[in-house]
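**Student:** just coords:
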């Protein structure tokens with residue numbers, strides 16, 4: 001455990017993000033034995049215009065105007081910083097040399113704000129922790145005063161996505177190479193990091209279980225059986241066609257989806273189905289009650305370069321509440337194989353699923369009932385009264 005250090009954390013997830021954040025959880029752990037400055041994402045020019053009513057954008061603008069403090073204490077040893085600068089939106093630039101020149105300007109603007117905040121806090125010999133941000137933090141190891149050690153933390157294979165791929169496939173390896181070490185939350189991503197930095201380690205994934213000590217009564221507005229998912233509803237991560245198969249081929253099942261939607265989900269046919277319920281963004285304190293509402297929890301991931309090695313923290317939360325879990329089989333999910341039902345999508349064929357009772361062959365998600373895996377999980381769970389009926 002790192003102790004008695006000043007730590008600067010920069011990354012993609014701001015402190016005021018509305019969903020669970022691994023980076024925030026790590027900051028909360030680190031600040032128990034260290035002083036931590038958590039840097040929120042600086043406002044960029046396009047976001048300031050296109051997302052002018054977003055709560056996070058409004059907060060950054062308030063800091064820029066001086067209407068709100070840029071440096072805010074969260075605890076006695078943890079502070080957040082809303083950088084008082086605007087960065088140029090440059091990902092559209094095709095020429096690498098031009099992108100790098102302007103990106104250096106962005107990094108210098110951000111570094112200036114971080115250095116000022118670090119001086120105000122009396123930070124010295126700080127450890128820089130970069131959460132998956134290989135654009136805005138590309139030059140920070142050199143630009144931040146007194147930083148001698150850098151940890152690059154990778155929790156998503158972002159370069160598989162079109163936005164990040166254009167420049168990320170070139171820049172992420174460069175940042176890994178200059179880092180003191182690379183930390184990853186899965187063996188798959190650690191192996192990727194090791195291609196560029198021998199000091200790459202799978203540090204696993206933490207999960208806050210403090211809420212399991214409390215009573216979280218389920219919501220009772222749904223007809224059982226309830227199949228549920230908690231998390232961001234994003235088509236780059238979730239198989240939307242699979243969810244449609246679940247809902248249409250098993251109309252007697254209730255499908256409850258809790259979390260923010262991207263445009264594809266908002267415009268999907270799922271919204272026209274009577275047995276599908278979109279509950280939107282919910283406060284994190286509500287999520288245990290939502291999970292307790294489900295008879296079976298699912299993680300129907302789309303199989304792609306992003307998800308294949310991604311550690312799904314929601315599985316920890318599902319299992320912590322004792323729920324049967326059905327999930328798409330990925331490399332990262334193998335560590336859960338003794339405890340969950342792993343399935344392939346209709347397009348990927350069959351899979352052997354392991355559980356605590358031994359290996360049990362499961363047919364693919366879609367065969368027979370749309371999602372045989374969900375049906376099998378329901379059958380394994382003890383029959384329950386329809387406690388969800390109003």
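**Tutor:** Everything's here; your move. Computed from a prediction, not measured in an experiment: that's the story for all the values here.
**Student:** determine the three-state secondary structure at residue 228.
**Tutor:** strand (DSSP: H, G, I helix; E, B strand; the rest coil).
**Student:** ok, now which ones touch the closest residue to it other than its chain neighbours?
**Tutor:** Leaving aside its sequence neighbours, residue 228 sits nearest to residue 294 (C-beta to C-beta, 6 or more residues apart in numbering; 3.3 Å). (Glycine included, C-beta is placed from N, CA and C.) Contact analysis of residue 294 by C-beta atoms under 8 Å, 6 or more residues apart in numbering lists 226-228, 256, 323.
**Student:** so which of the residues you listed wins on neighbours?
**Tutor:** Neighbour counts for the contacts of residue 294, by other C-beta atoms under 10 Å, peak at residue 227, which reaches 27 neighbours.
**Student:** quickly list what that one is bridged to.
**Tutor:** With DSSP bridges as the criterion, residue 227 is bridged to residue 255, residue 296.
**Student:** what about it, distance to residue 241?
**Tutor:** Here the distance between residue 227 and residue 241 works out to 16 Å (C-beta to C-beta, to the nearest Å).
**Student:** show me which of the contacts of residue 294 is closest to residue 340.
**Tutor:** Of all the contacts of residue 294, residue 340 sits closest to residue 323, with 9.7 Å by C-beta to C-beta.
**Student:** from residue 229, how far off is that closest one?
**Tutor:** For residue 323, the distance to residue 229 - C-beta to C-beta - is 12 Å.
**Student:** shared neighbours of those two, anything?
**Tutor:** With C-beta under 8 Å, 6+ apart as the test, residue 323 and residue 229 both reach residue 297.
**Student:** give me the phi and psi angles of the closest residue to residue 32 other than its chain neighbours.
**Tutor:** Computed as C-beta to C-beta, 6+ apart, the closest residue to residue 32 that is not its neighbour in sequence is residue 77, at 7.7 Å. Torsion angles at residue 77 (phi, psi; degrees, to the nearest 10) stand at phi -130, psi 20.
**Student:** so how far is residue 272 from residue 77?
**Tutor:** 50 Å.
**Student:** higher neighbour count, those two?
**Tutor:** residue 77 (15 against 8).
**Student:** pLDDT score for residue 374?
**Tutor:** Reading off the confidence values, residue 374 has pLDDT 34.
**Student:** next: residue 53.
**Tutor:** Here the pLDDT value assigned to residue 53 is 85.
**Student:** where along this protein do the helices fall?
**Tutor:** Ranges of helices in the chain, per DSSP state H, are 22-30, 45-50, 55-65, 96-121, 140-143, 162-178, 187-194, 240-249, 263-266, 287-293, 313-320, 372-380.
**Student:** mind putting those in JSON lines, distance to residue 6 and mean neighbour count included?
**Tutor:** JSON lines is the format used below for the helices of the chain (distance: least, C-beta to C-beta, whole Å; neighbours: other C-beta atoms under 10 Å):
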{"stretch": "helix 22-30", "distance to residue 6": "11", "mean neighbour count": "20"}
{"stretch": "helix 45-50", "distance to residue 6": "29", "mean neighbour count": "14"}
{"stretch": "helix 55-65", "distance to residue 6": "22", "mean neighbour count": "17"}
{"stretch": "helix 96-121", "distance to residue 6": "7", "mean neighbour count": "17"}
{"stretch": "helix 140-143", "distance to residue 6": "15", "mean neighbour count": "17"}
{"stretch": "helix 162-178", "distance to residue 6": "20", "mean neighbour count": "17"}
{"stretch": "helix 187-194", "distance to residue 6": "25", "mean neighbour count": "19"}
{"stretch": "helix 240-249", "distance to residue 6": "44", "mean neighbour count": "20"}
{"stretch": "helix 263-266", "distance to residue 6": "41", "mean neighbour count": "14"}
{"stretch": "helix 287-293", "distance to residue 6": "33", "mean neighbour count": "20"}
{"stretch": "helix 313-320", "distance to residue 6": "27", "mean neighbour count": "20"}
{"stretch": "helix 372-380", "distance to residue 6": "47", "mean neighbour count": "21"}
